[in-house]
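Asker: Got a predicted structure here, sequence first:
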Amino acid sequence: MGSLAQHKLPVIDFTKKNLDPGSSSWLSTRQAVVGALEEYGCFIALYDKVSLELHEAIFRASEDLFDLPTETKLLNTCQKPAPGYVGQNPRFPLYESLGIDDATTIDGVQKFTTLMWSNGNDSFCESAFSYSKLVAELDQMVMRMVSETYGVEKSYEALLGSTSYLLRLTKYREPQRNETNLGLVPHTDKSFMSILHQHQVKGLEIKTKDGRWMEIDPFPSSFIIMAGEAFMAWTNGRIEAPHHRVMMPGNAERNGIMGRLAGAKQGPKFLVTLSKEEMEIDFLLMTAAKPPQGLRKGVGPFRNSLK
């Protein structure tokens, strides 16, 4: 399936003070962001607004969610094209997930919470909502930097105004003896931008342009920003969507967070993965409807400016 590469993704600091649009810090960060996306299709962002306490709270609540009976989890449905409950798939038997529509609104999170727990679950609801709002801020910051660089701020503002987010919670169980350790098959995201967050957990691998797989080493407060196919079309191919997969380490205790952000409606989506010991939980925040019309290579806002 390809050898592991020795590449290292660029690391870009979003924890700087005075990172305001137009400032010198903003302009230098913007240049680094666009350069990394054009070269790799992704990069590592340092972002400390999501506290470790919030990570722990989400994980505790998520353990309760995946402990629910299968018949309860099957009640989960989402707006098309995003699926609701996913599990027991022979292509990726380690994978199980659920989705929360409109996760950056308290009404959306409460609706899902009441569906899963008839008496409610305040801890789960508060943690999921708080996390979704904070990671959405990072997504919007990156998207603004890219749109400014390419001179399409108006296109981005229209995109942002029609975006809704879906939070996808995913559990990867530990592979059993003689079972595949492939957690998620190689793929590119179909939407705009993805944000993956890992903390003290390995598993995410990204395919480089020379065809080798690059293992991403996690560290605290780091997020992987990744372009999707709709974003590639939007930039007329200047920024490519990288292939990536999840390979689960066997017989290892895992305690951390992985997250991804990508989009499916008219804006970005994003996911987070929390893992501990023999299970790993992903949170995917994504837009919940169809991509904007005209998102085909050569017909994005850069069709007249990019070769």
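Answerer: Structure's in. What do you need? Numbering: from 1, shown residues only.

Asker: Going by neighbour count, which residues of stretch 43-58 are buried?
Answerer: Using 16 or more other CB atoms under 10 Å as the test for burial, stretch 43-58 gives 43-45, 47, 50, 54-55, 57-58. No exception for glycine: its C-beta is placed from N, CA and C like everyone else's.

Asker: Tell me which entries of those residues lie within helices.
Answerer: Among these, DSSP state H puts 54-55, 57-58 in helices.

Asker: Could you single out the nearest of those residues to P93?
Answerer: Set against P93, the nearest of those by CB to CB is I58 (24.6 Å).

Asker: so the closest one sits right up against C125, yeah?
Answerer: No: using CB atoms under 8 Å, I58 makes no contact with C125, being 11.1 Å away.

Asker: returning to that earlier point: how about the ones in helices among the buried residues of stretch 43-58, which pair is most distant?
Answerer: That would be H55 and A57, which, of these, are the farthest apart (CB to CB) at 7.3 Å.

Asker: pLDDT weak spots in the stretch 1-150 of the chain?
Answerer: Using pLDDT under 70 as the threshold, the predicted model of the stretch 1-150 of the chain has low-confidence ranges 1-7, 80-82.

Asker: quick one: the strands in it?
Answerer: Ranges of strands within the stretch 1-150 of the chain are 11-13, 42-46, 86-87, 95-101, based on DSSP state E, counting those that start in this stretch.

Asker: Can you say which of these is packed in most?
Answerer: Most buried of the strands of the stretch 1-150 of the chain, by mean neighbour count (mean count of other CB atoms under 10 Å): strand 95-101, with a mean of 25.

Asker: Please identify the pairing partners of that one and their relative orientation?
Answerer: strand 86-87 (antiparallel), strand 166-173 (antiparallel) (DSSP bridges).

Asker: For D139, find the nearest of the strands of the stretch 1-150 of the chain.
Answerer: strand 42-46 (10.2 Å).

Asker: what does the closest one contact?
Answerer: 9-15, 32-33, 36-37, 138, 142, 195, 206, 216, 221-227, 242 (CB atoms under 8 Å, 6 or more residues apart in numbering).

Asker: Give the pairing partners of it; include direction for each.
Answerer: Going by DSSP bridges, the partners of strand 42-46 are strand 11-13 (parallel), strand 222-227 (antiparallel).

Asker: Serialize the ones you listed to JSON lines and add fields for distance to A158.
Answerer: Output for those, formatted as JSON lines (distance: least, CB to CB, whole Å):
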{"stretch": "strand 11-13", "distance to A158": "26"}
{"stretch": "strand 222-227", "distance to A158": "19"}
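
Asker: distance between the longest helix seen in the chain and the chain's centre?
Answerer: Assignment by DSSP H gives helix 122-150 as the longest helix of the chain. A distance of 10 Å separates the centroid of the chain from that of helix 122-150, by CA atoms, centre = their mean, to the nearest Å.

Asker: Then stretch 173-191?
Answerer: That offset, for stretch 173-191, works out to 16 Å (CA atoms, centre = their mean).

Asker: And for stretch 12-23?
Answerer: That offset, for stretch 12-23, works out to 22 Å (CA atoms, centre = their mean).

Asker: repeat for stretch 153-170
Answerer: Distance, centroid of stretch 153-170 to centroid of chain: 13 Å (CA atoms, centre = their mean).

Asker: now swap in stretch 101-118 and tell me
Answerer: The answer for stretch 101-118 is 19 Å, by CA atoms, centre = their mean.

Asker: just the CA coordinates of it, formatted as PDB?
Answerer: Provided in PDB are the C-alpha atoms of stretch 101-118 (Å, rounded to 0.1, in the frame of the first residue of the first chain):
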ATOM      1  CA  ASP A 101     -26.900  18.400  11.900                       C
ATOM      2  CA  ASP A 102     -26.400  22.100  12.500                       C
ATOM      3  CA  ALA A 103     -23.800  21.500  15.200                       C
ATOM      4  CA  THR A 104     -22.900  25.200  15.600                       C
ATOM      5  CA  THR A 105     -26.400  25.900  16.800                       C
ATOM      6  CA  ILE A 106     -27.700  25.000  20.200                       C
ATOM      7  CA  ASP A 107     -31.000  23.900  18.600                       C
ATOM      8  CA  GLY A 108     -29.200  21.400  16.300                       C
ATOM      9  CA  VAL A 109     -27.200  19.900  19.200                       C
ATOM     10  CA  GLN A 110     -30.200  19.700  21.500                       C
ATOM     11  CA  LYS A 111     -32.300  17.900  18.900                       C
ATOM     12  CA  PHE A 112     -29.700  15.200  18.500                       C
ATOM     13  CA  THR A 113     -29.200  14.900  22.200                       C
ATOM     14  CA  THR A 114     -32.900  14.400  22.900                       C
ATOM     15  CA  LEU A 115     -33.100  11.800  20.100                       C
ATOM     16  CA  MET A 116     -30.300   9.700  21.800                       C
ATOM     17  CA  TRP A 117     -31.300  10.400  25.400                       C
ATOM     18  CA  SER A 118     -35.000  10.900  26.000                       C
END
